[in-house]
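Chemist: this one's structure only:
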Ligand SMILES: Nc1ncnc2c1ncn2[C@@H]1O[C@H](COP(=O)(O)OP(=O)(O)OP(=O)(O)O)[C@@H](O)[C@H]1O
C-alpha cells in the first residue's frame, strides 16, 4: 500500500496556503508533517481525508481496498476531540464505531488499551483533557482503518500516555498501516519528516 500526493495546491478563504506539494508514504511508515503555524499541516490532513477539495494536484492510495474510497480507509483525528459530552465514554466510542462503519473490534479492549477501562460509564463531560484525547485514540483501535491522519495527537497526553500511544502507533505500522501526523512535538516513533512552507 502506498499513499501519494502529487502537485497539491490548497486554497483556503481565497488564499493559497501551499502549492506544488508532493508526498508519499508506504505501508509501515510514519510521516511527521512539520511547519510553522498556518503553513497548512491541518489542511493537508483534511485534503487526504476528503474534507477539503484540492485546488490542484491528486492524492491516490495504491494497494488499498479497491471497494473503498480513500476517505473510507482513513481515520482522521483532528485537534478537537469530537466527543459528545452527555454520552458516556463507552457510548461515545459506540457512536464513532456506528458512524465509521465496517468491522468493529472489542470496545472494552480498546478502552483498556488507552487506560480508560475504569471510566467507561463516566459522561465524557467529566473527562480531563488527556482522558478526552485517550478516548479519541480508542477510535483508532475499535474500527481498523489503514491510514491514520493525526493532528497533534500527543497534545494533553502525559508521559505514560505518550509511551502508550507510541506503542499503539508502532503496532499499527507493524500491521502494515501508515501514519501521517501533523505535529510540533516529537512523534515518539521513527518517522520521516515532510516540511510544509519555510522553517518553523
Ligand atoms: N475555514 C477556513 N477559511 C479560511 N482560511 C482558513 C480556514 N481554515 C484554515 N484557514 C487558513 O489556512 C491556513 C492553514 O491553516 P492550517 O490549520 O492548515 O495550518 P497549520 O499548519 O495546521 O497551523 P498550526 O500549526 O497553527 O496548527 C491558515 O492561514 C489558516 O488561517
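Modeler: Arrived safely. Small disclaimer: the values here were computed from a predicted structure and weren't measured. Residues are numbered from 1 along each chain as shown.
Chemist: what does the lengthiest helix in the chain contact?
Modeler: For the chain, the longest helix by residue count, based on DSSP state H, is helix 159-174. By Cβ atoms under 8 Å, 6 or more residues apart in numbering, the surrounding residues in contact with helix 159-174 are 28-30, 113-115, 130, 133-134, 137, 140-141, 148, 153-154, 157, 179, 187-189. The way it works is simple: take the backbone N, C-alpha and C, and place the C-beta from them, glycine included.
Chemist: buried ones in the helix or strand hosting residue 96?
Modeler: Assigned by DSSP states H and E, residue 96 belongs to helix 89-100. The neighbour-count check on helix 89-100 (16 or more other Cβ atoms under 10 Å) flags 89, 90, 91, 92, 93, 96, 97 as buried.
Chemist: mind showing which ranges of this protein have poor pLDDT?
Modeler: Applying pLDDT under 70 to the chain picks out residues 198-200.
Chemist: residue numbers of it in contact with the ligand?
Modeler: Selection of the chain residues close to the ligand by Cβ under 6 Å from any ligand atom yields 12, 13, 17, 35, 37, 38, 39, 40, 41, 42, 43, 182.
Chemist: re the thing from before, show me the contacts of helix 159-174 that map onto strands.
Modeler: 30, 148, 179 (DSSP state E).
Chemist: how far away is the first one from the ligand?
Modeler: The span separating residue 30 from the ligand equals 18 Å under the rule Cβ to the nearest ligand atom, to the nearest Å.
Chemist: about what we covered before: is it possible to mark the buried ones in the contacts of helix 159-174?
Modeler: Listed as buried from those are 29-30, 113-115, 130, 133-134, 137, 140-141, 148, 153-154, 157, 179, 187-189; burial here means 16+ other Cβ under 10 Å.
Chemist: rewinding a little: format the ones in strands among the contacts of helix 159-174 as CSV; extra columns: distance to residue 104.
Modeler: CSV is the format used below for the ones in strands among the contacts of helix 159-174 (distance: Cβ to Cβ, whole Å):
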residue, distance to residue 104
30, 24
148, 17
179, 21
